[in-house]
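1. All I have is the shape, not the residue letters:
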């Protein structure tokens, strides 16, 4: 793998998406806790976002043309959950580290570099 951040970023994000996707299925409760309360059926949203993260992660790792824009859109779509987590932090409503205000509010601006990483994804050039 290259040391160029623009080239490496989508691979790192792809791995992060895959790890997070697995967590959506093996430990859905923390994700349910940060879902905006206006959405019905939080478990379904957690599983759906897990599937979307897995697809985007695989797309980024295999450099599919659609993966960068789709990943950026996914990151924008889950941003309200990160904001909900930050707003609820420190109340005891959230499990574990998510209840820490510094951790929770730190995640909110983290979406910006993650979106940048997603948009760096481009198909590999053909071998010459």
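-> Structure's in. What do you need? Being a predicted model, the structure only gives us computed values, none of them experimental.

2. any chance you could map the helices in the protein?
-> 5-26, 29-33, 42-61, 67-88, 101-119 (DSSP state H).

3. Could you dump those into JSON lines and include distance to residue 94 and mean neighbour count?
-> All C-beta spots, glycine's among them, are computed from the backbone N, C-alpha and C. Below are the helices of the chain laid out as JSON lines (distance: least, C-beta to C-beta, whole Å; neighbours: other C-beta atoms under 10 Å):
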{"stretch": "helix 5-26", "distance to residue 94": "15", "mean neighbour count": "17"}
{"stretch": "helix 29-33", "distance to residue 94": "5", "mean neighbour count": "17"}
{"stretch": "helix 42-61", "distance to residue 94": "13", "mean neighbour count": "19"}
{"stretch": "helix 67-88", "distance to residue 94": "6", "mean neighbour count": "19"}
{"stretch": "helix 101-119", "distance to residue 94": "7", "mean neighbour count": "16"}
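
4. Mean pLDDT lowest where, among the ones you listed?
-> Out of the helices of the chain, helix 29-33 stands lowest, with a mean of 87 (criterion: mean pLDDT).

5. Show me what that helix is in contact with.
-> Residues from elsewhere that reach helix 29-33, judged by C-beta atoms under 8 Å, 6 or more residues apart in numbering: 23-24, 42-43, 46, 49-50, 81, 85, 88, 93-96, 98.
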